[in-house]
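A structural model of the following input is requested.
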Amino acid sequence: MNIIFISNREGKSRSVTLNNWAKVLLSVCLLGLPVCGGVYLGMQFGGEESDLVSSIELMKRELANQQAELESGKAEARQKVEALTLKLAAMQARLVRIDALGERLTDIASLDDGEFDFSQQSAQGGPEAEQVGVFEHGDLERLYTQLESQLASRESQLEILESLIVDRKLKQQSAVTGRPIHKGWMSSRYGYRTDPFNGRKAWHNGVDFAGKSGADIVAVASGVVTWSGEKNGYGQMVELDHGEGYITRYAHNKHNLVNVGDTVKKGVVIGLMGSSGRSTGPHVHFEVYKNGRSVDPASYIRRTIR
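Predicted structure coming up:
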């Protein structure tokens, strides 16, 4: 093989003859040059591609972590909303029960209309506003707080109502009202009458209720037994002190069922109807005293306590 060199300065050419080993060496150099260049370029671009792939993988992992955190947050938020929803439902049911109880108690207590009206929803209103969507977690918390406030208000009302009912019940228990018997009829009134034994005009200090021998005699009000036994003209008698100056007497009994010092409630059986003492037949002689003075029992028999 001949290689020709041309000089630019002199315009002359020169040839060189290569032997076989020189030819091999030159071929190797010429063939190796593009291979080395390719390897070099591959190393350059291959390193950048590897870094890019690593970055993409890192971003994928970061996105996956963020997605997991988001799902966890959503699940936690759903749990909180569900828990608040259950609490709201329970509180609303409790409010309904309280309203029903309050309405029932108001009816039992016979309070004035409008004084404690549990049957009516709290007055609310206003122009229609733009609908902004479903309740969020914060909205549910505010509703929860409002319901708590409503419950506290209802419970306060119930406490006041209970106090009124208790006071009224105590007043009703201690007030002298009603008849001293369950069965029977009034056989003699308060005031002047014809004496059943001598036919003369005489003062009758109470009213008489006739009935069957052994019939129940009941207390017309709560009180304390201050007498239980024989008393001149009265036969077997029970006397009750009801406080506030009121005293009642139940006379001509067959048997007394209470003792001095006993506390009795309104309607409790305190004796059995008889005809002991100055009596013409089975009846109960009923007297009422106010501040030590005898009064007509008829007005207390018809009396209604509100």
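
okay, and for the stretch 1-150 of the chain, where does confidence drop off?
For the stretch 1-150 of the chain, residues meeting the criterion pLDDT under 70 lie at 1-53, 55, 101-102, 104-140.

go again using 50 as the cut-off
Along the stretch 1-150 of the chain, segments meeting pLDDT under 50 span 5, 41, 45, 132, 134.

where exactly do the strands run in the stretch 201-306 of the chain?
With DSSP state E, counting those that start in this stretch as the criterion, the stretch 201-306 of the chain has strands at 201-204, 207-210, 216-218, 223-231, 235-243, 246-256, 263-264, 269-273, 283-290, 293-295.

could I get the CA-only coordinates of the longest one as PDB?
Taking only C-alpha atoms (Å, rounded to 0.1, in the frame of the first residue of the first chain), the coordinates of strand 246-256 have been written out as PDB:
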ATOM      1  CA  TYR A 246    -105.000  24.100 109.400                       C
ATOM      2  CA  ILE A 247    -106.300  21.200 111.600                       C
ATOM      3  CA  THR A 248    -108.800  18.600 110.600                       C
ATOM      4  CA  ARG A 249    -110.800  16.100 112.700                       C
ATOM      5  CA  TYR A 250    -112.400  12.800 111.800                       C
ATOM      6  CA  ALA A 251    -114.800  11.400 114.500                       C
ATOM      7  CA  HIS A 252    -117.100   8.500 115.400                       C
ATOM      8  CA  ASN A 253    -114.700   6.100 113.900                       C
ATOM      9  CA  LYS A 254    -115.000   2.300 114.300                       C
ATOM     10  CA  HIS A 255    -111.200   2.000 114.400                       C
ATOM     11  CA  ASN A 256    -108.300   4.400 114.200                       C
END
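
list the neighbouring strands of that strand plus their orientation.
Here strand 246-256 has these sheet partners by DSSP bridges: strand 235-243 (antiparallel), strand 269-273 (antiparallel), strand 283-290 (antiparallel).

one more: the shortest one?
Each strand that strand 263-264 pairs with, and the sense of that pairing, follows from DSSP bridges: strand 223-231 (antiparallel).

buried residues in the strand it pairs with?
223, 225, 227, 228, 231 (16 or more other C-beta atoms under 10 Å). To be clear about C-beta, it is placed using only N, CA and C from the backbone, and glycine gets the same treatment.

closest one to residue 303 out of the residues you listed, please.
residue 223 (15.9 Å; C-beta to C-beta).

so for that closest one, what's the pLDDT?
Predicted confidence (pLDDT) for residue 223: 92.

the one 5 residues further on now?
Taken from the predicted model, the pLDDT recorded for residue 228 is 97.

put the alpha carbons of stretch 288-306 into CSV.
Included here for stretch 288-306 are C-alpha records, laid out as CSV according to Å, rounded to 0.1, in the frame of the first residue of the first chain:
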residue,chain,number,x,y,z
VAL,A,288,-111.8,21.9,109.7
TYR,A,289,-110.0,24.6,111.8
LYS,A,290,-108.1,27.6,110.6
ASN,A,291,-105.9,29.3,113.1
GLY,A,292,-107.9,27.8,116.0
ARG,A,293,-111.3,28.7,114.7
SER,A,294,-113.9,26.4,113.2
VAL,A,295,-114.7,26.9,109.5
ASP,A,296,-117.2,25.4,107.1
PRO,A,297,-115.6,22.3,105.6
ALA,A,298,-117.9,22.5,102.5
SER,A,299,-115.7,25.3,101.0
TYR,A,300,-112.6,23.0,101.3
ILE,A,301,-114.4,20.0,100.0
ARG,A,302,-115.1,21.8,96.8
ARG,A,303,-111.7,23.6,96.8
THR,A,304,-109.4,23.1,93.8
ILE,A,305,-105.7,23.7,94.1
ARG,A,306,-103.8,24.8,90.9
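
distance between the ends of stretch 229-243?
Using C-alpha to C-alpha, to the nearest Å, one end of stretch 229-243 lies 21 Å from the other.

for that stretch, which positions count as buried?
By neighbour count with 16+ other C-beta under 10 Å, stretch 229-243 contains the buried residues 231, 234, 235, 236, 237, 238, 239, 240, 242.

the fifth one contacts residue 225, correct?
No. Assessed by C-beta atoms under 8 Å, residue 237 is found out of contact with residue 225, at 10.9 Å.
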